[in-house]
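S.K.: Predicted coordinates and the sequence they were generated for:
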Amino acid sequence: MSRLVLDASVTLCWLFEDQATTYTDSILDRLAAQDEAITSIIWPLEVANVIAVAERRKLIKPAQSVAFLEELGQLPIRAEQIGVERAFANILDCARRHRLSAYDASYLDLAMRESLPLSTVDSALRAAARAAGVEIA
């Protein structure tokens, strides 16, 4: 079993089939098989926000959201808790250094601290991870 840091961009590709790729499907397969993911505390909020907006725009139906969230609940994904101090110091510093949003920096900071590969489809976050010496899952 191996671990990885999972960001919302990969997760949401599992909801919107037209955005799924071989890469995002392989991450889902890894989690369904035996790997586990840790993620930033903001991950559930990012996922919930995209679902809420997609429902309002009639891109998905509430029943699809319920089924998707049930599937997510079956996967070994754990959200890391962070304190205000970490957000205002380490994550802000990471965002500044790599020119990322604080949200994206929270995933990169987690991957660096845990020495884990990062799973993302966000091109800026992938570039920052490479610059920081973080492997892409």
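M.R.: Done, it's in.

S.K.: and the gap between the residue lying closest to residue 14 once chain neighbours are set aside and residue 131?
M.R.: Distances taken as CB to CB, 6 or more residues apart in numbering put residue 28 closest to residue 14, at 5.5 Å, once the chain neighbours are dropped. In short, each C-beta sits where N, CA and C put it, glycine included. Remark: distance between residue 28 and residue 131 (CB to CB, to the nearest Å) = 27 Å.

S.K.: With neighbour numbers in mind, choose between these two.
M.R.: Between residue 28 and residue 131, counted using other CB atoms under 10 Å, the more crowded position is residue 28 (18 against 12).

S.K.: does that one sit in a helix, a strand or a coil?
M.R.: Each residue gets one of three states, and residue 28 gets helix by DSSP: H, G, I helix; E, B strand; the rest coil.

S.K.: which residue ranges form the helices in the chain?
M.R.: Ranges of helices within the chain are 8-15, 22-33, 43-56, 62-73, 84-86, 92-98, 102-114, 123-131, based on DSSP state H.

S.K.: Flag every buried residue along the longest one.
M.R.: Of the residues in helix 43-56, those with enough neighbours to count as buried (16 or more other CB atoms under 10 Å) are 43, 44, 46, 47, 50, 51, 54.

S.K.: who's in contact with the residue nearest the centre of the chain?
M.R.: The centroid of the chain falls nearest to residue 7 when counting by CA atoms, centre = their mean (1.0 Å). The contact partners of residue 7, by CB atoms under 8 Å, 6 or more residues apart in numbering, come to 39, 40, 43, 104, 107, 118, 119, 120, 122, 125.

S.K.: make it 7 Å
M.R.: 39, 107, 119, 120, 122, 125 (CB atoms under 7 Å, 6 or more residues apart in numbering).

S.K.: Could you pull up phi and psi at it?
M.R.: Dihedral pair for residue 7: phi -110, psi 170, per degrees, to the nearest 10.

S.K.: Just the pLDDT at it, thanks.
M.R.: Note for residue 7: predicted pLDDT of 97.

S.K.: same question, the one 4 residues further on
M.R.: According to the per-residue confidence, residue 11 scores 97 in pLDDT.

S.K.: mind checking how far the closest residue to it other than its chain neighbours is from residue 69?
M.R.: Leaving aside its sequence neighbours, residue 11 sits nearest to residue 47 (CB to CB, 6+ apart; 5.7 Å). Residue 47 sits 8 Å away from residue 69, taking CB to CB as the criterion.
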